[in-house]
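Participant: below: sequence and its predicted model.
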Amino acid sequence: MTRPAEDGTVLESVRRGDARALEELYRRHSPRLYALLLRMLRETADAEEILQETFVDAWRRAREYAASRGSVEAWLITIARSRAIDRIRNRGARLRLVKQSEQLAPAQPPQPEPPDVHAQTRLRRAMGTLPPEQRRAIELAYWDGMSQTEISRETGDPLGTVKTRVRLGLQRLAELLAG
Amino acid sequence: MTHQEFLDQVDAYALGALEPTEANALEQHLATEGPHPLCEAALARASETVATLAADLKPVSPPPRVWEAISQSIAQGQEPAPRKPSAPEPVARPSRATPPPARRIPAWTYGLAAAAVLALVYSGVTVRESRHSAAMASAAAAECRKELAESRIDLLRKEDAIQLLLEPGTQLVSLKPTKDAQGPLAQSTGVVIFNPRGRALFLGKSFPGQPTRDYELWLIRGGKTVAAGLLPPGPDGRVFADVRPEVFTGGHPQNFAISIEQKGGERDAPKGPVIFLGAVAAP
């Protein structure tokens, strides 16, 4: 999946302003990032826009990348998810306005269907070993972009409990996926 | 923040599940209280786990236009076009500093301008007759010039609105106050003069000044909101805004709305109360 050492070399070239190196990073990572964004955002236009922003951001911030804090792929995913989460959280407000406006307008065009995505069995197995409440907390944060506070509100569980579930669940996943 | 506090929250941070203030505290810790070999290792581990969650998705090739847009942005040294600028550009401005040569100003506007000039001349005479100091006269003259210029702008704005109203296909979208339009806002009125060819003007009346916030115009299209610019009221509570034509490139809007936002407005969706809503007729 990832080639950390090669990615590091390519990112070095990106830091020096080599646009072809950025294109190489894009070629390597954009399909998975795009799949992630489609799954999170469920709208093609938004996914394309955030993917575009992610690589422009990576170009501008290449010097900030620190290998000690994770692989290039993890860095790109962090940028993409961070922007996607912003978009999701903004949608909350947007949806409220759209709902209000629907009382005035007769009909809205249908939203695009979410794309088909197939989670691989390895991840499903790992997720399957988590207690359901830990799995749900991680899924709400990961796919729906919810903060722990929002998860607490959504599930009705105390915030402290949610925090513990997120921490223990992700640490357990790290062990399972690394093994 | 201690290292232990960082370690307790790093998983949620990597997952993007912290509130912005909490996330900032972690970033500050790494940036200013170093070195942090343990914290960095924990962050790397959490980030890799989060990345692995995505790795099991079936990859999907994005359309070629995405790379083309990235390539273009980099070549121009700019942000991607759809996200620029970072805050909506104010749109309420004099529609033109000077009218285009082909544009004809109706004769009646000259009549009004003449009346305004006469009024100002009279006020100047009053100043002279009262034998105020030269400095005061000079200040009054400057004020007169300013008022004259504003009168001129006002007339051009009215002419602009009339011209747009006369164009084929133009509709007047009346914005209705919502339940959040309370207090002095209940007296406010607003219309959008909208032409489907991509031109719109907003005219508002009795909009109370908002020292710490801005009015923002939105259009709603296909279930999405598009920031259409800020609406700063004048000292008399009137608003005249020329809506940026590029906001109409995505197609015909279904609604216009106005919200009250923090200074500078929002980019993607209103966060403050929506005070006006209006439906646009289908094309």
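Facilitator: That came in fine, so what should we check first? Residues are numbered from 1 along each chain as shown, chains lettered A, B, ... in the order given.

Participant: care to break chain A down by domain?
Facilitator: What the record gives for chain A is the domain set A:4-92, A:119-178, from automatic domain parsing.

Participant: could you dump these to JSON lines with mean pLDDT, distance to chain B and mean neighbour count?
Facilitator: Backbone N, C-alpha and C define where each C-beta goes, glycine included. Shown next, in JSON lines, are the domains of chain A (pLDDT from 0 to 100; distance: least, Cβ to the nearest Cβ, whole Å; neighbours: other Cβ atoms under 10 Å in any protein chain shown):
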{"stretch": "domain A:4-92", "mean pLDDT": "88", "distance to chain B": "3", "mean neighbour count": "20"}
{"stretch": "domain A:119-178", "mean pLDDT": "85", "distance to chain B": "4", "mean neighbour count": "18"}
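
Participant: tabulate those domains (TSV), appending distance to B:Ala69.
Facilitator: As requested, these are exported to TSV (distance: least, Cβ to Cβ, whole Å):
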stretch	distance to B:Ala69
domain A:4-92	5
domain A:119-178	24
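
Participant: so which of these is nearest B:Gly272?
Facilitator: domain A:4-92 (12.8 Å; Cβ to Cβ).

Participant: give me the three-state assignment for the closest residue to B:Pro253 other than its chain neighbours.
Facilitator: Excluding the flanking residues, the one nearest B:Pro253 by Cβ to Cβ, 6 or more residues apart in numbering or on different chains is B:Leu219, at 4.0 Å. Recorded secondary structure, B:Leu219: strand (DSSP: H, G, I helix; E, B strand; the rest coil).

Participant: who's in contact with B:Leu219?
Facilitator: Applying Cβ atoms under 8 Å, 6 or more residues apart in numbering or on different chains to B:Leu219 gives the contacts B:Thr225, B:Val226, B:Ala228, B:Val247, B:Phe248, B:Pro253, B:Asn255, B:Phe256, B:Ala257.

Participant: take the residues you listed and keep only those in strands.
Facilitator: Judged by DSSP state E, strands contain the following of those: B:Thr225, B:Val226, B:Ala228, B:Asn255, B:Phe256, B:Ala257.

Participant: ok, and which of the residues you listed reach chain A?
Facilitator: Counting by Cβ under 8 Å from any Cβ of the partner chain, B:Thr225, B:Asn255, B:Ala257 from these sit close to chain A.

Participant: and which of these is nearest B:Leu15?
Facilitator: B:Thr225 (27.2 Å).

Participant: might you list the low-confidence residue ranges for chain B?
Facilitator: Low-confidence segments of chain B (pLDDT under 70): B:33-34, B:55, B:77-156.

Participant: domain ranges for chain B, per the record?
Facilitator: According to automatic domain parsing, chain B comprises the domains B:3-55, B:107-166, B:171-279.

Participant: now tabulate these in JSON lines and tack on distance to A:Met40.
Facilitator: Shown next, in JSON lines, are those (distance: least, Cβ to Cβ, whole Å):
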{"stretch": "domain B:3-55", "distance to A:Met40": "9"}
{"stretch": "domain B:107-166", "distance to A:Met40": "41"}
{"stretch": "domain B:171-279", "distance to A:Met40": "15"}
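
Participant: isn't B:Pro273 right next to B:Glu261, touching?
Facilitator: No: judged on Cβ atoms under 8 Å, B:Pro273 makes no contact with B:Glu261 at a distance of 9.3 Å.

Participant: more neighbours, the two?
Facilitator: Neighbour tally, B:Pro273 and B:Glu261, criterion other Cβ atoms under 10 Å in any protein chain shown: the higher count belongs to B:Glu261, 22 against 15.

Participant: which neighbouring elements make contact with the helix or strand containing that one?
Facilitator: Assessed by DSSP states H and E, B:Glu261 sits inside strand B:255-262. Using 3 or more Cβ pairs under 8 Å, 6 or more residues apart in numbering or on different chains; DSSP states H and E, the elements in contact with strand B:255-262 are helix A:72-102, strand B:171-177, strand B:189-195, strand B:213-221, strand B:274-279.

Participant: A:Val14: which of those is closest?
Facilitator: For the helices and strands packed on strand B:255-262, proximity to A:Val14 was assessed by Cβ to Cβ; helix A:72-102 is nearest, at 9.4 Å.

Participant: now, of the contacts of B:Leu219, which are buried?
Facilitator: By neighbour count, with 16 or more other Cβ atoms under 10 Å in any protein chain shown, the contacts of B:Leu219 hold B:Thr225, B:Val226, B:Ala228, B:Val247, B:Phe248, B:Pro253, B:Asn255, B:Phe256, B:Ala257 as buried.

Participant: what's the most distant pair in those?
Facilitator: Maximum pairwise distance among the buried ones among the contacts of B:Leu219 (Cβ to Cβ): 15.3 Å, between B:Phe248 and B:Ala257.

Participant: and the residue nearest the centre of chain B, how far is that from chain A?
Facilitator: Centroid-nearest residue in chain B, with Cα atoms, centre = their mean: B:Gly229, separated by 2.4 Å. Applying Cβ to the nearest Cβ, to the nearest Å, the value for B:Gly229 to chain A is 16 Å.

Participant: re the thing from before, who does the strand holding B:Glu261 pair with, and is each partner parallel or antiparallel?
Facilitator: Note on strand B:255-262: by DSSP bridges, its sheet partners are strand B:213-221 (antiparallel), strand B:274-279 (antiparallel).

Participant: buried set for the first one?
Facilitator: Think strand B:213-221. Buried residues in strand B:213-221 (16+ other Cβ under 10 Å): B:Asp214, B:Tyr215, B:Glu216, B:Leu217, B:Trp218, B:Leu219, B:Ile220, B:Arg221.

Participant: show me the contacts for the fourth one.
Facilitator: This points to B:Leu217. By Cβ under 8 Å, 6+ apart, the residues touching B:Leu217 are B:91, B:192, B:202, B:227-231, B:241, B:243, B:256-258.

Participant: go with 10 Å
Facilitator: By Cβ atoms under 10 Å, 6 or more residues apart in numbering or on different chains, B:Leu217 lies in contact with B:88, B:91-92, B:175, B:190, B:192, B:200, B:202, B:204, B:226-231, B:239, B:241, B:243-244, B:247, B:256-259, B:265, B:276.

Participant: ok, B:Met74 - contacts?
Facilitator: Just to correct that, residue B:74 is Ile rather than Met. Counting by Cβ under 10 Å, 6+ apart, B:Ile74 has contacts A:Gly17, A:Ala19, A:Leu22, A:Glu23, A:Phe55, A:Val56, A:Trp59, A:Arg60, B:Pro80.

Participant: OK, contacts around the third one?
Facilitator: This points to A:Leu22. A:Leu22 makes contact with A:10-11, A:13-14, A:55-56, A:58-59, A:62, B:67, B:70-71, B:74 under the criterion Cβ under 10 Å, 6+ apart.

Participant: and the one helix or strand A:Val10 maps to, what does it pack onto?
Facilitator: In this assignment (DSSP H and E), A:Val10 forms part of helix A:4-15. Helices and strands touching helix A:4-15, by 3 or more Cβ pairs under 10 Å, 6 or more residues apart in numbering or on different chains; DSSP states H and E, are helix A:19-41, helix A:44-60, helix A:72-102.
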